[in-house]
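Asks: sequence first, predicted coordinates after that:
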Amino acid sequence: MRPNYPFNCWYVAALSDEVGQGLLARRLLDKPVILYRKASGEVVAMEDRCVHRAFPLSEGCLDGDRVVCGYHGFKYDPDGTLVEVPSQENVPPGAGIRTYPIYETAPFVWIWLGEPGAAALRPPPRVPWYLDGSGWVSTTEVLRVEANFLLLHEHYLDLTDVFVTHPEVVPPDIQTLPPLNEVEISERSVAYTRMTPPSRLAPWESAITGLPEESVATRREEGTFVSPALHTQHYAIEVDGGDAYGLLRIHGFTPESPGATHVFLQMARNYANDEDTITEYLRIMFHEWAARDTKVLETIQRQLEEPGARRRDINVKADRAAIRARRIVMDMVDDETGRFALHRILTASD
Amino acid sequence: MRPNYPFNCWYVAALSDEVGQGLLARRLLDKPVILYRKASGEVVAMEDRCVHRAFPLSEGCLDGDRVVCGYHGFKYDPDGTLVEVPSQENVPPGAGIRTYPIYETAPFVWIWLGEPGAAALRPPPRVPWYLDGSGWVSTTEVLRVEANFLLLHEHYLDLTDVFVTHPEVVPPDIQTLPPLNEVEISERSVAYTRMTPPSRLAPWESAITGLPEESVATRREEGTFVSPALHTQHYAIEVDGGDAYGLLRIHGFTPESPGATHVFLQMARNYANDEDTITEYLRIMFHEWAARDTKVLETIQRQLEEPGARRRDINVKADRAAIRARRIVMDMVDDETGRFALHRILTASD
Amino acid sequence: MRPNYPFNCWYVAALSDEVGQGLLARRLLDKPVILYRKASGEVVAMEDRCVHRAFPLSEGCLDGDRVVCGYHGFKYDPDGTLVEVPSQENVPPGAGIRTYPIYETAPFVWIWLGEPGAAALRPPPRVPWYLDGSGWVSTTEVLRVEANFLLLHEHYLDLTDVFVTHPEVVPPDIQTLPPLNEVEISERSVAYTRMTPPSRLAPWESAITGLPEESVATRREEGTFVSPALHTQHYAIEVDGGDAYGLLRIHGFTPESPGATHVFLQMARNYANDEDTITEYLRIMFHEWAARDTKVLETIQRQLEEPGARRRDINVKADRAAIRARRIVMDMVDDETGRFALHRILTASD
């Protein structure tokens, strides 16, 4: 399976609290990477392979801010420069390994694995209403799904599966989800909104708001494909024209390989910030939700990998946002492949 | 490994009692299929994949005679027509999935996975002396063997291995199997017969006939490659010119994939129909027989799949029937491949 | 992964005491082989596959010096000739399977898997100081490492990893290994020596010599790539100009396949031959050493097998002997491939 993800894009490499003063090994866009934090707190990302023999640096250790290979003891500075070869006095000039630009906005550590010069041109995506706002409390989780990252984007851009896969979360008076209100499309992002007509509360809505189940509420759902690396899901419950109870799920989708995806999940809400029982309720609920989705997506991935399987789906209206997101990704990939091909033509005389 | 089985052939898809009012998923000729029984009792076979996304319908459920996808709830009629998309009011016109012709003659449910129009031209094979005769009692079993279906045919068309692999079934006065009496060949089938000279009974023969071990009997063995899908094995013990004790093993061999085969085994006899201890004795004996054969065939399959392995066997006289059966199958496959190639040439201007 | 080992070379097939009057199955240079000992004591090596169907002879048994297939009972003489087909009276003329030349010099059973005629031209390598000398006592061990055989050669030709992977074996006054004294290169072998400056004994050196840890000793280390099949490691501890305590590790490296290697390890010493506690101490120490090395080499192999992985190491001075050994092997492989290609051109008219 060829990669169907762009490289020139910031992806989430880890949660902030996963990276400390030890070596964290992680495969990202099919590249082996190590992550660690310098004494200064700054995060370093480096190719997970010694220049000498193909030994993974993640099997070695840190000596202060330097990485020591666990085979012959080769030592590297945080910028990737080889600074020590124990079996001889000098070091081969110019030797070193690739490092990757890092940008940390807690709880996410972002990485740039694309063309080295291009990282600074585009910052990682921001999630405005959450990042600049106080008043949100959140928990996080890391999952690994054995499915292509696009299957995850498509899944979360069409939630009409909830009636089948998560029937218990649907409010009691809703028989079908209303169509998408609006699909807002920019060159690189897709957002849809959906207003759900007034209905009594589902048990979980009652539990997390403290309101009685007979309360009638409307709901605004907004899903956004922010970039190939990020999907956000906003859900606001509005009762009797009062304040909205806002829930937010931020999904960092980072391809481990063409067939597997790391999911960095942040779950937040903007009310009753101190109530730990609500925090715990939402953490467990969204964990179970994600686990069930994982099972579905892994089943599809296995089906697509069967010998002779083709992708020849028919699409329906609810797929509008998902189709658009897929097209954006495909354009980015084609663009990179084309640029790379052009680059090879122009430099062919070298 | 390329498929070496013809598609235009009726194969056993399941035993009758395996198919009920739930969804049975089974891979047949490397195609994913679901089987279920309508309220009317009629069996339905359908591709195991929703038209929308590549989700297996077998993960969904039945709503009456209709199949409901377990992802977004798409609903299908037994003829494969898509009849409901929950997220919208209308249904994309003409959408549906492939269904397969079914023909049931208990205990077997036959399926046609080849060219859609051609099914009616050829009925599934019949096993005359059993089907039209009363007086036979039988048990059934389903096995899965990780070996190509031709290895199974070849194995049961040359039983000279019994001295090595099942020595306890050989009658005491027999040192070597006599050569095949006759190999009867038609365009599409092969049958051999072998008469074994008079010998005292083997312990199992004594047990299932109730005769003393000193009784002297002759045996007539007849093995038939009825079609690529079916092998029958008839064994008749004749004591002192009296009635023959007839045993019959009917093997439905259905490729799951080029490297694995479903075996639908029916074991029958034509005497002492009410004696359950004999039924049980034969069931256990043939089960152990099949289990030991499975081990042998899976060993060969692994050997053939080794890197660098070639098929370069030498043949001996006992292989006569097996070689002929292989040729019939190869001709059927070439015929299909050729027809397909011709079809592509003729339609190349499209 | 294409084979990177020469076929025209004697390899160790087994330890002498592994081969008895049963069938030992072993994959060598990606060929399935059986080994057994005739009543005369002579070792026989044969392709592990019946000529009739692809059944492994290792699943059968011996009848005296003859091999009996476990499927239809075909019987073979030790020279590979088919001598019996139970289902018929005569045997197809000229039928038989390939056997391989064997040369036994305990504790090793050597095999020739290359061009049939060429075996006699080159004897298996000898290890002079050990083979002709009395006064050495040894233990043996068989290991299997899931790594290419060249990784093992390279590993044992550059022991500067000991500071990282086996720090406890380094004598206390040694901070870095001195550079190789000499790398002696012949057309087909490589030997290096290294003299370590005077240092007190490491705990293990004290334990196996019985000398106090304060004793000051020099050490002479000599590693030899004898052939693609054999690496020897000689280590001599000299205390106060007295007798040297000699240790010897002889490694037979035999590719099982391009990705795995059988290691036949002989560990010997030339002093205190009767002291079983020293024998046991060394056996355990070298076993642990080999186990740790195995882990390292398997990690590298996995890394090299990752999709997209390339071999693009930089080399340092300590790699001098290893690089030379790799070149010898590559030349032998190219030579064989070239000769084979030439042979095909010259015989193309056949």
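Replies: Arrived safely. Owing to the predicted nature of the structure, the values given are computational and were not obtained by experimental measurement.

Asks: now check the longest helix seen in chain A, is it near chain C?
Replies: As assigned by DSSP state H, the longest helix anywhere in chain A is helix A:276-305. No - no part of helix A:276-305 sits close enough to chain C to count as contact by C-beta under 8 Å from any C-beta of the partner chain; the gap is at least 14.7 Å. In short, each C-beta sits where N, CA and C put it, glycine included.

Asks: list the buried residues of stretch A:278-293.
Replies: For stretch A:278-293, the buried set under the neighbour-count rule, 16 or more other C-beta atoms under 10 Å in any protein chain shown, comprises A:278-279, A:282, A:285-286, A:289-290, A:293.

Asks: quick one: the helices in chain A, in order.
Replies: A:128-131, A:149-156, A:162-165, A:203-209, A:276-305, A:320-346.

Asks: residue A:236 touches residue A:243, doesn't it?
Replies: No - with the criterion set as C-beta atoms under 8 Å, residue A:236 and residue A:243 do not qualify as a contacting pair; they are 9.6 Å apart.

Asks: between those two, who's got more neighbours?
Replies: The neighbour count for residue A:236 versus residue A:243, taken as other C-beta atoms under 10 Å in any protein chain shown, is higher for residue A:236 (17 against 11).

Asks: in chain A, spot the strand with the most residues.
Replies: Looking only at chain A and at elements set by DSSP state E, the strand with the highest residue count is strand A:244-257.

Asks: quick one: it to helix A:149-156, angle?
Replies: Relative orientation of strand A:244-257 with respect to helix A:149-156: 160 degrees, computed using axes from the mean of the first three to the mean of the last three C-alpha atoms, to 10 degrees.

Asks: low-confidence ranges, the stretch 1-150 of chain A, go.
Replies: Counting by pLDDT under 70, the stretch 1-150 of chain A shows low-confidence ranges at A:1, A:128-133.

Asks: just the strands from it, written as ranges.
Replies: Here the stretch 1-150 of chain A has its strands, by DSSP state E, counting those that start in this stretch, at A:10-15, A:24-28, A:31-37, A:43-47, A:61-63, A:66-68, A:75-76, A:82-84, A:102-105, A:108-112, A:137-145.

Asks: to residue C:156, which of these lies closest?
Replies: Taking C-beta to C-beta, strand A:66-68 is the member of the strands of the stretch 1-150 of chain A nearest to residue C:156, at 22.4 Å.

Asks: other residues contacting stretch A:114-129?
Replies: Residues external to stretch A:114-129 that are found in contact with it (C-beta atoms under 8 Å, 6 or more residues apart in numbering or on different chains): A:6-10, A:101, A:103, A:105, A:108, A:110, A:112, A:226-227, A:229-230, A:232, A:234, A:250, A:336.

Asks: measure how buried the closest residue to chain C within the stretch 201-350 of chain A is and give me the count.
Replies: Shortest the stretch 201-350 of chain A-to-chain C distance, computed as C-beta to the nearest C-beta: residue-wise this is residue A:257, at 7.6 Å. When counting by other C-beta under 10 Å, one arrives at 20 neighbours for residue A:257.

Asks: what's opposite it in the beta bridge?
Replies: Note on residue A:257: beta-bridge partners by DSSP bridges are residue A:260.

Asks: got the contact list for residue A:232?
Replies: Shown in contact with residue A:232 (C-beta under 8 Å, 6+ apart): A:127, A:223-224, A:226, A:248-251.

Asks: give me that answer again for 10 Å
Replies: Neighbour list for residue A:232: A:125, A:127, A:129-130, A:156, A:191, A:222-226, A:248-251, A:266 [criterion: C-beta atoms under 10 Å, 6 or more residues apart in numbering or on different chains].

Asks: ditto for residue A:225
Replies: For residue A:225, the contact set (C-beta under 10 Å, 6+ apart) comprises A:153-154, A:156-157, A:185, A:188-192, A:231-232, A:253, A:321-322, A:324-326, A:328-329.

Asks: wait, doesn't residue A:48 sit right on residue A:58?
Replies: Yes - with contact taken as C-beta atoms under 10 Å, residue A:48 and residue A:58 are classed as touching, separated by 5.1 Å.

Asks: and the two? Which one has more around it.
Replies: Between residue A:48 and residue A:58, counted using other C-beta under 10 Å, the more crowded position is residue A:48 (25 against 22).

Asks: skipping its backbone neighbours, what lies nearest that one in space?
Replies: If you skip the residues right next to it in sequence, residue A:48 has residue A:32 as its closest partner in space, 3.7 Å away by C-beta to C-beta, 6 or more residues apart in numbering or on different chains.

Asks: close enough to count as contact, that neighbour and residue A:47?
Replies: Yes - Residue A:32 is in contact with residue A:47 according to C-beta under 10 Å; the separation is 6.8 Å.

Asks: between these two, which contacts overlap?
Replies: Between them, residue A:32 and residue A:47 share these contacting residues under C-beta under 10 Å, 6+ apart: A:56-57.

Asks: give me the number of neighbouring residues for residue A:240.
Replies: One way to gauge burial is a neighbour count; for residue A:240, by other C-beta under 10 Å, it gives 10.

Asks: contacts only, for residue A:308.
Replies: Residue A:308 is in contact with B:3, B:30-32, B:257, counting by C-beta under 10 Å, 6+ apart.

Asks: let's see it at 7 Å
Replies: By C-beta atoms under 7 Å, 6 or more residues apart in numbering or on different chains, residue A:308 lies in contact with residue B:30.

Asks: what's the burial count for residue A:274?
Replies: Residue A:274 is flanked by 7 other residues according to other C-beta under 10 Å.

Asks: so out of everything in the stretch 51-200 of chain A, what residue is nearest chain B?
Replies: Ranking the residues of the stretch 51-200 of chain A by distance to chain B (C-beta to the nearest C-beta) places residue A:160 first, at 4.0 Å.

Asks: ok, now which ones touch that residue?
Replies: A:177, A:318, B:72, B:86-87.

Asks: make it 8 Å
Replies: Going by C-beta under 8 Å, 6+ apart, residue A:160 touches A:177, A:318, B:72-73, B:86-87.

Asks: tell me the phi and psi of the residue nearest to it when sequence neighbours are not counted?
Replies: In space, residue A:160 comes closest to residue B:87 once its chain neighbours are excluded; the distance is 4.0 Å by C-beta to C-beta, 6+ apart. Note on residue B:87: backbone dihedrals following degrees, to the nearest 10 are phi -80, psi 0.

Asks: now do the contacts for residue B:87.
Replies: In this structure, residue B:87 makes contact with A:158, A:160, A:176-177, A:179, A:316-318, B:72, judged by C-beta under 8 Å, 6+ apart.
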